[in-house]
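> What would the 3D arrangement of this be:
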Amino acid sequence: MGRLGFYFDMTACIGCRTCQIACKDKNGLKVGTIFREVKTFETGVFPKPGVYHYSGSCNHCANPKCVEGCPTKAMHVDEDGTVQHDKNKCIGCRYCTWACPYGVPKFIKETGRAGKCDGCKELRDKGKAPVCIDACPMRALEWGDIDQLKAKHGGATTELPILPHPSVTNPSVLIKAKTLAFQSDFQKKEV
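So this is what the prediction gives:
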């Protein structure tokens, strides 16, 4: 098996944030800290405005900047290709939070350490899917071998105007995007 990653079907996502809530609940995160975040964007102008949602978490990049920036190797690439965080090695320096162009690692004040999506490693080790996948009522998220996901979902992209260019980190995420997500006149909608 190669690298593992996420597939996100933007055309199916209704922005319900169930994936975000499931992740927050599973990880016992306090108010203000989330590892998976759904953002809503508006684009276009009247009479043809458009709205789309983007559900993002750790992209388990092939060239993770958070790993490069971690002085203690708390952030590391696991044998399955996912980016993992060892809280026992973390010194809370926040270099990973500054280095990640996606803003994924979060500094958690209560622990004095960073934290992030681990792809629900302990669940996957038991043969289960990450909680965000199972929680999505629209089945807009999938998890698996990134090459198999590419073969299954031809035409999916890693490039969106709202994200850093994929050449920066080579993210393990594929997106079936709405056409309007490529328009340049978008703005984040506060929800």
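> Find me the pLDDT at S184, would you?
Note on S184: pLDDT of 62.
> Just the helices from the protein, written as ranges.
18-26, 65-69, 95-99, 121-124, 131-135, 146-152 (DSSP state H).
> Let me have these in CSV, extended by distance to I175, mean neighbour count and mean pLDDT.
Glycine gets a C-beta too; all of them are placed from N, C-alpha and C. Below are the helices of the chain laid out as CSV (distance: least, CB to CB, whole Å; neighbours: other CB atoms under 10 Å; pLDDT from 0 to 100):
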stretch, distance to I175, mean neighbour count, mean pLDDT
helix 18-26, 14, 19, 98
helix 65-69, 20, 19, 96
helix 95-99, 23, 19, 97
helix 121-124, 21, 14, 96
helix 131-135, 15, 21, 98
helix 146-152, 11, 15, 95
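> of all these, which lies closest to S167?
Closest approach to S167 among the helices of the chain is made by helix 65-69 (12.3 Å; CB to CB).
> Mind giving me the packing neighbours of the closest one?
When contacts are defined as 3 or more CB pairs under 8 Å, 6 or more residues apart in numbering; DSSP states H and E, helix 65-69 packs onto strand 75-77, helix 95-99.
> Only C-alpha atoms, please: export it in CSV.
Provided in CSV are the C-alpha atoms of helix 65-69 (Å, rounded to 0.1, in the frame of the first residue of the first chain):
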residue,chain,number,x,y,z
LYS,A,65,6.5,21.2,6.2
CYS,A,66,5.3,20.5,9.8
VAL,A,67,7.7,17.5,10.0
GLU,A,68,10.6,19.6,8.5
GLY,A,69,9.9,22.3,11.1
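> can you give me how far it is from the chain middle?
Relative to its chain's centre, helix 65-69 lies at 16 Å (CA atoms, centre = their mean, to the nearest Å).
> How about stretch 100-116?
The answer for stretch 100-116 is 13 Å, by CA atoms, centre = their mean.
> can you list the helices of the chain in JSON lines and add distance to G50?
Listed next are the helices of the chain as JSON lines, based on distance: least, CB to CB, whole Å:
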{"stretch": "helix 18-26", "distance to G50": "22"}
{"stretch": "helix 65-69", "distance to G50": "31"}
{"stretch": "helix 95-99", "distance to G50": "32"}
{"stretch": "helix 121-124", "distance to G50": "35"}
{"stretch": "helix 131-135", "distance to G50": "25"}
{"stretch": "helix 146-152", "distance to G50": "26"}
